[in-house]
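Asker: With the sequence up front, the predicted model follows.
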Amino acid sequence: GEFKVEFYAKDSRNQQRRVMTIRVIDRIAPTVTVSEMKATAKVGEEITIPTMVVTDNCDVQDDCITYTYVSHGNFLKYMVYDTYKFEQAGEHVFTFTAWDKNSNCTTVKYTVMVTE
């Protein structure tokens, strides 16, 4: 964050005021915890997306930006919310992401192998 500090110096005849701005940089990324996901699934199966728990040294979870997406095939990415239904066989990678106010980012990835 940013803080303003005021200094006063005074002697018998003079008084002086100085204002200084101090900027504190947050370099610590949020911590993301996701309950376990299945490692395998079948085409047509629908799963519930686990809830992401985010903690940060400076912000509360509600102040962090979070999202989850799945990627598969030719670099296709889709945002996922409560549930996801597997339409194709192959490797599906779920990425859980959290950004804090200072642009620190953490991602957690789970891979699900989908068969016919």
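Answerer: Looks like it came in fine. A quick note: this is a predicted structure, and the numbers were derived from the prediction, not measured. Residues are numbered from 1 along each chain as shown.
Asker: Assign a three-state SS to the residue nearest the centre of the chain, would you?
Answerer: The C-alpha lying nearest the average C-alpha coordinate of the chain belongs to residue 98 (CA atoms, centre = their mean; 0.6 Å). Remark: residue 98 carries the secondary structure label strand [criterion: DSSP: H, G, I helix; E, B strand; the rest coil].
Asker: which residues touch it?
Answerer: By CB atoms under 8 Å, 6 or more residues apart in numbering, the contact list for residue 98 reads 30, 32, 52, 54, 56, 64, 65, 66, 105, 106. Backbone N, C-alpha and C define where each C-beta goes, glycine included.
Asker: Can you spell out which residues form a bridge with it?
Answerer: Each beta-bridge partner of residue 98 is listed here: residue 66, residue 106, as defined by DSSP bridges.
Asker: roughly how far apart are it and residue 44?
Answerer: In this view, residue 98 and residue 44 are 31 Å apart by CB to CB, to the nearest Å.
Asker: Relative to residue 71, how far out is residue 22?
Answerer: Separation of residue 22 from residue 71 (CB to CB) stands at 42 Å.
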